[in-house]
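Asker: Return a 3D structure for these sequence lines:
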Amino acid sequence: MTAEERKHRLESYLQEVEFASLEDLSKRVGASISTVRRDLTVLEAAGGLRRTHGGARIISPKSDEFAFSARDTHQLDQKEAIGRACAQLIGSNQSVIIDAGTTVYHVAKYLEDKSPQIVTNSLPVANLYSAAGRVELVLSGGVIYPRLGVLVGPLAVEAFTKIHADVAVMSAGGITLEGVTNSHGLLIDIQLAMMRAAAKVIFCLDHTKFGRRSVSPLCDLSRIHTIVTDSRAPTELVAQLRERNIEVIVAG
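Answerer: Now for the predicted structure:
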């Protein structure tokens with residue numbers, strides 16, 4: 001692969017996922033991290049992307065698919081139902097990790113009465129409870145991606161390696177019998193740290209995520225304790241997940 005081909009692949013991949021770590025980019029093009037750093041420096045000088053701590057992000061994505069505000073308008077009724085149902089699984093005064101997905105944002109909306117301690121990398125969740133007296137909120141460090149409303153990068157990952165929580169409430173891009181997938185390598189690094197930090201892992205997935213494979217593998221089914229979904233989730237796949245000893249709650 002020539003240097004020009006490599007840079008084209010790097011830019012094309014970043015257009016697809018919006019941001020990625022150096023390790024992820026290195027694997028994508030089969031080059032060393034030092035080589036990828038040099039390529040990113042050239043691409044940044046051309047104005048197409050911006051280097052960040054531990055990775056890079058595209059400056060002008062082709063669509064708003066990954067913008068929090070745009071994604072939160074999709075399947076809104078189902079997300080609200082999932083949010084209410086999942087919140088019922090959280091006990092009073094529990095410590096809860098909330099990731100940056102739009103569906104789990106709707107879980108967070110129903111937690112204030114439980115007086116939880118919330119640990120998150122989600123800027124919308126942090127904003128939701130910034131003035132709430134009954135909620136203790138811990139926000140991870142990291143690089144801010146305003147369109148996604150999320151903190152990412154090594155500092156965000158490190159924050160979740162230093163805590164223990166009762167529950168982690170997670171989102172994902174898709175689930176099949178092979179496991180769970182998501183759209184961004186940097187999000188996956190953080191989500192894995194979140195899952196390792198929690199005694200119980202709950203995934204909140206609307207029906208569009210069932211049978212779908214996203215860009216990057218996140219985890220296999222053995223890492224999941226509970227899935228909360230909506231009434232349009234495919235009954236066959238729901239039954240197969242239950243056969244794998246996963247609790248699946250269908251929100252009415």
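Asker: Check which residues of the longest helix that the chain contains are buried.
Answerer: As assigned by DSSP state H, the longest helix anywhere in the chain is helix 3-17. Neighbour counts over helix 3-17 (16 or more other C-beta atoms under 10 Å) mark R6, K7, R9, L10, E11, Y13, L14, E16, V17 as buried. In short, each C-beta sits where N, CA and C put it, glycine included.
Asker: just stretch 178-195 next, same as before
Answerer: Judged by neighbour count (16+ other C-beta under 10 Å), stretch 178-195 contains these buried residues: 179-191, 193-195.
Asker: Kindly report the same for stretch 166-179.
Answerer: Buried residues in stretch 166-179, defined by neighbour count with 16+ other C-beta under 10 Å: D166, V167, A168, V169, M170, S171, A172, G173, G174, I175, T176, G179.
Asker: Check pLDDT for those residues and point me to the minimum.
Answerer: pLDDT across the buried residues of stretch 166-179 is lowest for G173, at 90.
Asker: What residues are bridge-paired with T52?
Answerer: G55 (DSSP bridges).
Asker: lowest-confidence helix or strand of this structure?
Answerer: Sorted by mean pLDDT, DSSP states H and E, the helices and strands of the chain end with helix 68-71, the least confident at a mean of 49.
Asker: Tell me where the stretch 51-200 of the chain has helices.
Answerer: With DSSP state H, counting those that start in this stretch, the ranges of helices along the stretch 51-200 of the chain come out as 68-71, 76-87, 102-108, 123-128, 154-161, 185-197.
Asker: Report the angle between the last one and helix 154-161.
Answerer: For helix 185-197 against helix 154-161, the angle by axes from the mean of the first three to the mean of the last three C-alpha atoms, to 10 degrees is 10 degrees.
Asker: Now helix 185-197 - C-alpha only, CSV.
Answerer: Output of helix 185-197 as CSV, limited to C-alpha atoms (Å, rounded to 0.1, in the frame of the first residue of the first chain):
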residue,chain,number,x,y,z
GLY,A,185,-13.4,2.2,18.4
LEU,A,186,-12.9,5.0,21.0
LEU,A,187,-16.4,4.4,22.4
ILE,A,188,-15.7,0.7,22.7
ASP,A,189,-12.5,1.2,24.8
ILE,A,190,-14.6,3.3,27.2
GLN,A,191,-17.5,0.9,27.3
LEU,A,192,-15.3,-2.0,28.0
ALA,A,193,-13.8,-0.1,31.0
MET,A,194,-17.4,0.7,32.1
MET,A,195,-18.4,-2.9,32.0
ARG,A,196,-15.4,-4.1,33.9
ALA,A,197,-16.2,-1.5,36.6
